[in-house]
Every structure is written in structure tokens, then in C-alpha cells.
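**Q** Attaching a predicted model along with its sequence, questions to come.
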Amino acid sequence: MASGEKITPLTLYHQLRTAYGPQPDWWPGENAFEIAIGAILTQNTRWQNAAKALANLKQAGLTDSSALLNTPPTLLAAHLKPAGYYNIKTQRLLHLCRYLETRGGITALQALPLTTARTGLLSVNGIGPETADDILLYALNQPVFIIDLYTRRLLARYGLANGDEPYDQLRIYMEQHLPAQTALYQEYHALIVHHAQHSCKKQPHCSQCALQAHCVQQI
Ligand code: SF4
């Protein structure tokens, strides 16, 4: 980026991509349902822990809504233990499964307009905007920008936001400054997570950061 050129969400994306390269198939999961339940399992924990719980479910053959709904919650909770908060996550998974069953399954959600699907997911007990948008972007391939703590931190340090704005304010800001492309949003989120876990940590490693030359608020 030339000196003096304004930093925008799109230039930040290009800088991240130049630094870290493409991030194909970043969210693990063999199908949309698996990705959707992974979005609940990874709440408040690292993906590695969620992956262990997901593996337990798969090993037990619990790979669709009706199988989960027909399993005693205590048994389900035992499978979810590695993901932490397993009693709460059991209830949240069951809420999601009940919602999907009443809507005709996750593939039926794919046919809905984005705003309708988003409103529906947000009506499910235990699904907030970040989880809903995880499901929309990675399970349903809808162009919605995920705002997580890593995104807030990077946008604040890059001078693009304060970082404490309401969720939808930041989401809409990003969406208004980017082409509405699902693949771009998927890759952008993956790049932000990678960057936050390697350089732009809570205590940032600015001297080793690939974006240091462009960052206006390096510490
Ligand atoms: S220079 Fe520092 S604050 Fe800026 S993006 Fe890199 S790690 Fe984060």
C-alpha cells in the first residue's frame, strides 16, 4: 500500500492474504449439519476442544438432528465434555436440532433468503449473532461477515473501529466496505483468526508482525 493511502477493510484483507496466503476449506466439517453443530461446540473454547466433542458424536453415530434428539441428554453431555460447558451446549444443540427439524433440516435453510435464515437462527435459544453468522457463512455459504473478539481487536488496532461497537454495527460496516462474496468473507475470517493467534494476540507481537508496516496502532 502506498504511503498515505487510506486503510479500508478491503486493503486489510489483501494485506492479511499477502502475509498468510489462501485459507481454503478453513472451517472443518464434512457437511452443513456438522459445521452448524461445530459452531455451538466451539463457543467459548478453542476448536481443538470442540473437535474432540464432534469426534465423540460421530463415533457414536450422532450425525443428524433426529439422532441427537433421540439421545438421552445426559449421554449427549458426556460426549460433549471435551468442549466444556457441556450441559449448556447439550441444551443448545438440542434447541438447534428442534429448530432444524421444524424447518425441514439444514438444507431447507439454504433455500431461504439470508435475512430470514438469520432471523430464524437468532430465535434459537443459545444462538447469538456470532454463532448464527458462523452457521450462515460456513454451513450455509451465505455472505455474512462474522464479528468475533479477534475481529474487534484487529479493527481497533488498525484504526478502523473502536472495537466496542454493537455487533450488527460492525458487521454492517464490514459488509458495506467489501464485495458480498461468500468465499472472500470465509477467507477473511480465517485470516483474522490466524493473525490473532500468531501475532495480534492480547499482548501483540508487533515486532514480528507481517502487517507492522501498515498498522497505525502498533504497540
Ligand atoms: S503491528 Fe501489532 S497491533 Fe498492529 S496488527 Fe500487527 S500485531 Fe496487531
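**A** That came through, no problem.
**Q** Nearest residue to the most centrally placed residue in the chain in space, please, no chain neighbours.
**A** Centroid-nearest residue in the chain: D134, 3.7 Å away (criterion: CA atoms, centre = their mean). In this structure, D134 finds its nearest non-sequential neighbour in A39, 3.9 Å apart by CB to CB, 6 or more residues apart in numbering. Where C-beta positions appear, they are placed from N, C-alpha and C, glycine not excepted.
**Q** For that neighbour, pull up the helix or strand it's in.
**A** Under the criterion of DSSP states H and E, A39 resides in helix 32-41.
**Q** returning to that earlier point: pretty sure the residue nearest to D134 contacts Y138?
**A** Yes - judged on CB atoms under 8 Å, A39 makes contact with Y138 at a distance of 7.5 Å.
**Q** what's the neighbour count on the spatially closest residue to H198 that is not a sequence neighbour?
**A** Spatial nearest neighbour of H198, chain neighbours left out: H205 (7.9 Å); criterion: CB to CB, 6+ apart. H205 has 12 neighbours, counted by other CB atoms under 10 Å.
**Q** Quick check: H205 vs Q212, distance?
**A** Here the criterion is CB to CB, to the nearest Å. By it, H205 lies 10 Å from Q212.
**Q** Angles on the backbone of Q110, please.
**A** The phi/psi pair for Q110 (degrees, to the nearest 10) reads phi -60, psi -30.
**Q** and the gap between the residue lying closest to it once chain neighbours are set aside and Q197?
**A** In space, and not counting its chain neighbours, Q110 is closest to L140: 5.1 Å by CB to CB, 6+ apart. For L140, the distance to Q197 equals 25 Å [CB to CB].
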